[in-house]
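Enquirer: predicted coordinates and the sequence they were generated for:
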Amino acid sequence: METLLTSLHNGILTITINRPDKLNALNSTVLTELNNAIDDVYWNSDVHGVILTGAGPKSFVAGADITEFMKLSNEEGALLAKRGQDIFFKLENCPKPVIAAVNGFALGGGCELAMSCHIRMASSNAKFGQPEVNLGIIPGYGGTQRLAQLVGKGKAMELILSANMIDANQALHLGLVNHVTEPDQLIPETEKLLATILSKSPMAVSKAIEAINAGFTHEVNGYNEEIRLFGDCTGTEEMTEGVAAFLEKRKADFRKSK
Ligand code: COA
């Protein structure tokens, strides 16, 4: 694979998103390879559980790859959101436990990816946020729904509307992550928790995942609305300004043409 590293030890598959020079941003190739890797987890009986992390010391995943946004029409935007949501649903509904080991920035699609995992471990240098409104879009990979599920509606509103970033301890306080560790303890502590889970009945663990997820299926319409509204944002003047500003390394001026 071009953008993922994998290693399998004692039934634990570690998947590392490997584009450190782009802070592991989720481009189309990463999404395709992640989708294939998750399929493999479903059927490969040698894989008992998964750790998902990012390459390098700085970032888990700094979001969807913004360079792929510029030319998106409304329809293409909605399709992109649907594709990401489908892959993240597959991860969330994986019958084997999946833990995100968040080793740095988890922004936008990166925060959404972490939230699709069953459990989140964060290193003390991790940073979380949904900065999409800086770009003239909204979270499109399930973030409007899962963030509200994890931290409550009010805090989700604040984080998504302000695009403010929070650190690992704030994320712990909000319930966005389960534990915070020193950076060098992130993978050992994640492996320890996963090994505990893997010592339990695999059948019962998979049924528990299914049962917990079943409690949230009523929000399925929220996910559909997210796709439609993400599509409404793409291809607009404001999104074009937001994305151009990021690529040109300047602050966006969304009101200049109003
Ligand atoms: N998509 C595409 N490229 C990205 C990216 C993304 N989401 N996030 C970072 N990169 C790229 C940068 O463009 C830069 O590439 P370059 O070296 O070719 O210029 C490289 O990764 C390193 O990022 P840089 O911005 O130089 O690092 P930094 O430490 O100054 O800032 C962040 C780190 C995370 C604050 C900043 O990269 C950022 O704001 N990224 C976008 C986050 C975002 O909006 N995500 C949601 C997307 S929907």
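Expert: Yep, it's here. All figures in this text were calculated on a predicted structure; none of them were measured in a lab.
Enquirer: list the buried residues of the helix or strand hosting residue 242.
Expert: Using DSSP states H and E, residue 242 sits within helix 237-247. Using 16 or more other CB atoms under 10 Å as the test for burial, helix 237-247 gives 238-243, 245-246. Placement of C-beta: from N, CA and C, glycine included.
Enquirer: quick one: it to chain centroid distance?
Expert: Helix 237-247 has its C-alpha centroid displaced from the chain centroid by 22 Å (CA atoms, centre = their mean, to the nearest Å).
Enquirer: check stretch 184-200 too.
Expert: How far stretch 184-200 lies from its chain's middle: 20 Å, per CA atoms, centre = their mean.
Enquirer: same thing with stretch 101-115?
Expert: Using CA atoms, centre = their mean, the offset of stretch 101-115 from its chain centre is 5 Å.
Enquirer: endpoints of that stretch, how far apart?
Expert: 11 Å (CA to CA, to the nearest Å).
Enquirer: relative to helix 237-247, how tilted is the least confident helix or strand in the chain by mean pLDDT?
Expert: Least confident element among the helices and strands of the chain, by mean pLDDT, DSSP states H and E: helix 220-233 (a mean of 88). Relative orientation of helix 220-233 and helix 237-247, computed by axes from the mean of the first three to the mean of the last three CA atoms, to 10 degrees: 80 degrees.
Enquirer: need the residues that contact helix 220-233.
Expert: With CB atoms under 8 Å, 6 or more residues apart in numbering as the test, helix 220-233 has contacts from 74-75, 77-82, 85, 136-140, 142-145, 239.
Enquirer: and that helix with the ligand, contact?
Expert: No. Applying CB under 6 Å from any ligand atom, one finds helix 220-233 separated from the ligand by no less than 10.0 Å.
Enquirer: try stretch 251-258
Expert: No. Interface with the ligand: stretch 251-258 contributes nothing (CB under 6 Å from any ligand atom), its closest point being 10.9 Å away.
Enquirer: that stretch: which residues count as buried?
Expert: For stretch 251-258, by 16+ other CB under 10 Å, it's residue 252.
Enquirer: returning to what we had before: restrict the least confident helix or strand of the chain to CA atoms and write it as CSV.
Expert: Extracted C-alpha coordinates of helix 220-233, given in CSV (Å, rounded to 0.1, in the frame of the first residue of the first chain):
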residue,chain,number,x,y,z
VAL,A,220,-29.1,8.0,10.7
ASN,A,221,-31.2,11.0,9.3
GLY,A,222,-28.7,13.3,10.8
TYR,A,223,-25.9,11.6,8.8
ASN,A,224,-28.0,12.0,5.6
GLU,A,225,-28.5,15.7,6.3
GLU,A,226,-24.8,16.1,6.9
ILE,A,227,-24.1,14.7,3.4
ARG,A,228,-26.7,17.0,1.8
LEU,A,229,-25.5,20.1,3.7
PHE,A,230,-21.8,19.3,3.1
GLY,A,231,-22.7,19.2,-0.6
ASP,A,232,-24.5,22.6,-0.3
CYS,A,233,-21.2,24.1,0.9
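Enquirer: now find how far off-centre it is within its chain.
Expert: 17 Å.
Enquirer: equivalent analysis for stretch 83-103, please.
Expert: Computed by CA atoms, centre = their mean, the chain-centroid distance of stretch 83-103 equals 8 Å.
Enquirer: swap in stretch 45-65?
Expert: With CA atoms, centre = their mean, you get 10 Å for stretch 45-65.
Enquirer: what's the span of that stretch from first residue to last?
Expert: Span of stretch 45-65 from end to end, CA to CA: 32 Å.
Enquirer: avg pLDDT for that stretch?
Expert: Stretch 45-65 shows a mean pLDDT of 98.
Enquirer: show me what counts as buried in it.
Expert: Using 16+ other CB under 10 Å as the test for burial, stretch 45-65 gives 47-56, 59-65.
Enquirer: out of those, which are close to the ligand?
Expert: Contacts with the ligand within the buried residues of stretch 45-65, counted by CB under 6 Å from any ligand atom: 62-65.
Enquirer: need those residues in JSON lines with secondary structure, can you?
Expert: As requested, those are exported to JSON lines (DSSP: H, G, I helix; E, B strand; the rest coil):
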{"residue": "62", "secondary structure": "coil"}
{"residue": "63", "secondary structure": "coil"}
{"residue": "64", "secondary structure": "strand"}
{"residue": "65", "secondary structure": "coil"}
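Enquirer: I appreciate the help and will end here.
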